[in-house]
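A.B. asks: Predicted coordinates and the sequence they were generated for:
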Amino acid sequence: MGAVTEAAGTSHGAAEPKPSSRILRVTGPLIEMEYTSGIAMYDLVSIGPAGLPGEVVAISGDVVTVQAYEYTGGLAPGQTALPQGRPLSVRLGPELLGGIFDGMLRPLSGVGDWLLPGTAQQQATEERNWNFSPSVTEGDRVAEGEVLGEILDAGAVRVRVLVPPGCGGTVEEMAVAGDHPRDAIVARIDGTDVTVGALWPVRRPRPVRERVDSREGLNTGQRVIDLLFPVARGSTVAVPGGFGTGKTVLLQQIAKWCDADVIVYVGCGERGNEMADVITELAELHDPRTGGRLAERTVTIANTSNMPMMAREASVYTGMTVAEYFRDMGLHVVVIADSTSRWAEALREFASRTGALPAEEGYPAGLASAIAAFYERAAAVTTLGGDRGSVTVIGAVSPPGGDMTEPVTAHTERFVRCLWTLDRDLAYARHYPALSWNGSFSRDVPVLAAGHRAAGDPEWARRRDRVGATLAEADRLADLVDLIGIAALPARERISVLAGRLVREGVLQQSALSERDAYCGPEKSAALADAVLTIADRCHELVDSGVPAASVETIDFGPLLRAREDTDPHDAAGVAERRDVMAATLEELRP
C-alpha cells in the first residue's frame with residue numbers, strides 16, 4: 001500500500017506538527033488546552049511528557065477539548081500538548097496478519113500483557129524485512145489501486161502493494177526484488193513515494209470504484225445460519241443476545257470456520273479472559289484452507305474492559321480500516337465486533353463528560369447515525385484496481401437484561417440486513433447455537449437464492465422454506481400440547497410436532513466441541529435437511545395409511561439424529577445412507 005495519506009486529499013508524507021499548546025484542565029479522559037492556529041476537529045494530539053494520544057473533539061473560542069485514549073493520571077495544567085496536524089490514523093502493512101493489537105493498532109503480542117501509556121513508550125514488535133517482488137517497471141503508467149508488487153513472505157494471504165488512492169502517473173523509480181523494511185520506499189510515482197506500509201485515518205472509509213450487489217453467500221459452517229438466515233458477502237449482521245446465550249462462542253465458531261480470506265476480530269470491551277481464550281484457540285487451530293494456523297490470516301484487536309475506555313470507541317473504526325486495507329487487495333474480509341454495545345457505552349460516557357444533551361437511556365442523540373455509519377462501511381465492491389473484494393460485518397449486541405427494545409439493539413436492527421437473535425430459553429435447554437428461528441431474519445435470502453440457482457442448487461430456497469414451515473407448525477402446536485397433551489392431537493399434527501423435534505435436534509443443533517460437528521459443509525447441511533424432511537414425509541404417509549401415530553413416535557430416530565455427529569463435515573453420502581436406513585425401518589410399520 002502507499003505512503004502516508006492525509007485525510008484532506010491526495011498529499012502523501014507526514015504533515016508537519018503544529019506549534020505546541022498548553023494544557024489548561026484535565027477531567028478524566030478529557031483535556032482542555034489552548035487553541036493554536038491550524039488545529040482542526042479530529043486532529044491527533046500528543047499530550048504531556050509521555051506523549052499520550054488524543055483526538056480533538058471540540059473547539060470553542062480559544063479552548064480546544066481533546067479526548068485522550070490513555071489513562072491521564074499524572075497530567076497537570078501547564079504541561080504541553082503537541083498537535084500532529086493529521087487525524088487519528090493507524091499504520092497498515094503485512095505485519096498485521098497474525099498479530100494482536102490494542103484499539104489503536106499498537107502491538108500487544110510478544111511484548112507482555114500491557115502497553116505502557118503514551119506513544120513515546122510504545123513497545124513495537126521486532127522490525128522485520130519483507131520480501132517484495134515488483135510487478136511493474138520504471139516508465140510504466142499506473143493508476144490508483146493498481147498493483148505495484150507483492151509481498152512474498154506475508155504468509156497464508158496474498159498481500160499486495162498498491163498505488164495509493166489519489167495517486168497515479170509514471171513510475172519514476174522502482175525497488176528491486178528482495179527484502180525491504182516496512183517503511184522503505186519501494187516506488188516513486190510522479191514525485192510521490194510509496195512504501196510497503198501506510199498510514200490511514202480510521203474514521204475515513206477507503207475509496208472504491210463502486211459498490212456492487214453480491215449473490216455469493218458467506219459460508220459460516222453453522223447450519224442454522226447457512227440454511228435459514230444466510231448472509232451475503234459484503235452484508236451486515238447483528239447478533240443480539242443476553243448473558244449466557246452463547247453469543248461469544250457463536251462468534252468464535254464463525255471466526256474459525258467461515259470461508260473469508262481474512263478475519264478481523266475486534267474484542268470491544270469484552271472480558272479479558274474471553275479474549276485470551278479466543279487468542280489461544282486461534283493460535284492452536286489448524287486452518288483447513290491453507291494447512292497452517294488460522295491465526296496467520298487473522299488480525300486480533302483486543303480492547304478489553306480493563307483497557308482504556310475511550311480507545312474502545314476508536315477500536316471498531318480501527319478494525320474496519322484494517323478490513324478495508326485487505327479488501328482493496330481483492331480479498332474477502334469478515335469483521336467480528338464483540339460487542340458493539342460496549343462501544344455504544346463508550347459513546348455514552350464520552351457524551352456525558354462533554355455535557356451533550358442525552359437522549360434515550362443517556363445515549364447521545366447521534367447514536368443511530370454512528371451505528372449506521374459503522375455498518376455502512378461494509379460492502380461488496382469493485383476496488384480502485386478493478387478487483388472484487390468485500391467486507392462483511394458481524395456485530396454482537398449485549399442488551400442489558402436481555403431487553404431487545406433498548407436503544408442500541410433497536411437502532412442496530414434498523415440498519416443491518418441480517419439479525420441472528422439468541423434465545424435464552426434455547427440456551428437454558430442446552431440447544432446450541434441458541435439462535436431463535438422466530439426472532440431472526442435475513443434480507444439477503446432473495447439474492448442468495450438466485451445465486452444458488454445459478455450455482456446448480458435450485459432446491460435451496462424450497463429446502464429453506466420447508467424447514468422454516470416445519471418449525472413454525474411445530475411451534476404453533478407446542479402451546480396446544482402444553483394445554484391438552486400430545487395424545488389429544490390428531491395424528492397428522494402429532495407427526496408435525498415430531499418433525500419439528502427432528503429438525504431442531506437433527507439439523508439445527510450443532511456442537512462446538514465435536515470434531516465432526518463443529519463445522520458443517522454446505523453439502524452436508526443440505527443432506528441433513530433433506531434427510532429429516534424426507535423422513536417427516538414418510539411419517540405423514542404412514543399415519544395417512546392408517547398406522548397409529550403412537551407407533552411412529554416409538555420408533556428410535558437416533559441413527560438419523562446422530563448423523564450430524566457420526567459423519568464427517570462434508571460427508572453428504574453418509575447422511576444419505578442413514579436416511580435410507582431410517583426409511584427402511586419406517587417401512588416395517590406399513591400394514
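C.D. replies: Structure's in. What do you need?

A.B. asks: hey, let's count contacts and neighbours off CA atoms from now on
C.D. replies: Will do.

A.B. asks: Quick check on Ala550: phi, psi?
C.D. replies: With angles defined as degrees, to the nearest 10, Ala550 shows backbone torsions of phi -60, psi -30.

A.B. asks: neighbours around Val262, how many?
C.D. replies: 26 (other CA atoms under 10 Å).

A.B. asks: Could you do Pro490 as well?
C.D. replies: For Pro490, using other CA under 10 Å, the count is 11.

A.B. asks: cool, Arg466 as well?
C.D. replies: Neighbour tally, Arg466, other CA under 10 Å: 14.

A.B. asks: how close does it sit to Leu227?
C.D. replies: Distance, Arg466 to Leu227, by CA to CA, to the nearest Å: 11 Å.

A.B. asks: What helix or strand is Glu144 located in?
C.D. replies: Glu144 belongs to no helix or strand when assigned by DSSP states H and E.

A.B. asks: In this model Ile189 seems to touch it, though I could be wrong.
C.D. replies: No: shown here, Glu144 and Ile189 do not form a contact pair, counting by CA atoms under 8 Å, at 10.4 Å.

A.B. asks: Need the residues touching each of those two.
C.D. replies: Common neighbours of Glu144 and Ile189, using CA atoms under 8 Å, 6 or more residues apart in numbering, are Cys167, Gly168.

A.B. asks: Dump stretch 46-64 to PDB, restricted to CA.
C.D. replies: What follows is stretch 46-64, C-alpha atoms only, in PDB (Å, rounded to 0.1, in the frame of the first residue of the first chain):
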ATOM      1  CA  SER A  46       0.300  14.100  21.600                       C
ATOM      2  CA  ILE A  47      -0.400  15.000  25.300                       C
ATOM      3  CA  GLY A  48       2.100  15.600  28.100                       C
ATOM      4  CA  PRO A  49       5.600  14.300  28.700                       C
ATOM      5  CA  ALA A  50       4.500  10.700  27.900                       C
ATOM      6  CA  GLY A  51       3.000  11.700  24.600                       C
ATOM      7  CA  LEU A  52      -0.400  10.300  25.300                       C
ATOM      8  CA  PRO A  53      -2.500  10.000  22.200                       C
ATOM      9  CA  GLY A  54      -5.700  12.200  22.000                       C
ATOM     10  CA  GLU A  55      -8.100  13.500  19.400                       C
ATOM     11  CA  VAL A  56      -9.700  16.900  19.100                       C
ATOM     12  CA  VAL A  57     -13.400  16.600  19.700                       C
ATOM     13  CA  ALA A  58     -14.500  20.300  20.300                       C
ATOM     14  CA  ILE A  59     -13.200  23.800  19.600                       C
ATOM     15  CA  SER A  60     -14.800  26.700  21.400                       C
ATOM     16  CA  GLY A  61     -13.100  30.100  21.100                       C
ATOM     17  CA  ASP A  62      -9.600  29.800  22.500                       C
ATOM     18  CA  VAL A  63     -10.200  26.400  24.100                       C
ATOM     19  CA  VAL A  64      -9.700  23.000  22.400                       C
END
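
A.B. asks: Average pLDDT for it, rounded please.
C.D. replies: The average pLDDT for stretch 46-64 rounds to 92.

A.B. asks: residues of that stretch that come out buried?
C.D. replies: For stretch 46-64, burial by neighbour count (16 or more other CA atoms under 10 Å) applies to 46-48, 50-59, 63-64.

A.B. asks: Same check on stretch 59-79?
C.D. replies: Across stretch 59-79, burial judged by 16+ other CA under 10 Å covers Ile59, Val63, Val64, Thr65, Val66, Gln67, Ala68, Tyr69, Glu70, Tyr71, Thr72, Leu75.
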